[in-house]
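[1] Mind folding the following:
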Amino acid sequence: METALAVLIILTVVLYGAVTIVHDYLSAQDAIMESWREMEERLGERARTRISVDEPGTVDLLGYTVEVTLANEGSTKLADFDRWDVIAQYDINNDGDHDIVEWLSYSEGGCYWSKDIGGNFEPDILNPGEVMTITIHVSSPVSTTGQAIIGTPNGVTTSKDFAR
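    Just a heads-up that it's a prediction; the model follows:
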C-alpha cells in the first residue's frame, strides 16, 4: 500500500512535469510563429515600398535651405514622418569635400526638415504616385555641393546630390 501511494505521487509529479513542458513548448512555438508572421509582414511592406528622387536638389541663395522632391513609386502608403531619417552631407568651404554630416529631425514648422505633399487624397500621407517636397534646413551654409539621404521607417532609402 505504501509503495502504491509513492508510485501515485511520483506518477502525478511526472505527468504534471510533462504537461508543463509540453505547454511551454507549444507557447514558445506560438511566439516564434507570431514573430515570423510579423517579419514576413515587414518584409512584404518593405518590398512594396519604393521612393525615388529623379532631379537634383536645389539650394537657396543663402545656402541654408535645400529642397528635394521625393516620389512614392511603390504601392505602400507612407506616413509617420517623425520616424523618417533625413541626413544632409554637404561642403561648407568650397574644397569639394563633404565637411558636415547632419541627421535632421522632422518638424512640421520647418525647424529642421519639413514636407509639402503634392496631392490631396489623404492629408499627411504620401500615397503611391504622389510626390513630396522635402525642405531641409541645414545649420551651416552649403558652399557648392552635397547629398541628401532619406530613409523611411521600414528601411527603404534613397539619396540624391544637390548643388548651389
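[2] Measure how buried residue 61 is and give me the count.
    Counted with other CB atoms under 10 Å, the neighbours of residue 61 add up to 8. C-beta coordinates here come from the backbone N, C-alpha and C atoms, glycine included.
[3] In terms of secondary structure, what does the lowest-mean-pLDDT helix or strand in the chain contact?
    None of the helices or strands of the chain scores lower by mean pLDDT, DSSP states H and E than strand 113-118, at a mean of 82. In terms of contacts (3 or more CB pairs under 8 Å, 6 or more residues apart in numbering; DSSP states H and E), strand 113-118 is packed against strand 131-137.
[4] Would you mind getting the angle between the strand it packs on and strand 113-118?
    Strand 131-137 and strand 113-118 meet at an angle of 160 degrees, taking axes from the mean of the first three to the mean of the last three CA atoms, to 10 degrees as the criterion.
[5] got the CA positions of strand 131-137 in CSV?
    Extracted in CSV, the C-alpha atoms of strand 131-137 (Å, rounded to 0.1, in the frame of the first residue of the first chain):
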residue,chain,number,x,y,z
VAL,A,131,5.3,63.5,-54.8
MET,A,132,6.5,65.3,-51.7
THR,A,133,8.9,68.2,-51.5
ILE,A,134,11.3,67.9,-48.6
THR,A,135,12.7,71.2,-47.3
ILE,A,136,15.9,70.7,-45.4
HIS,A,137,17.2,73.4,-43.1
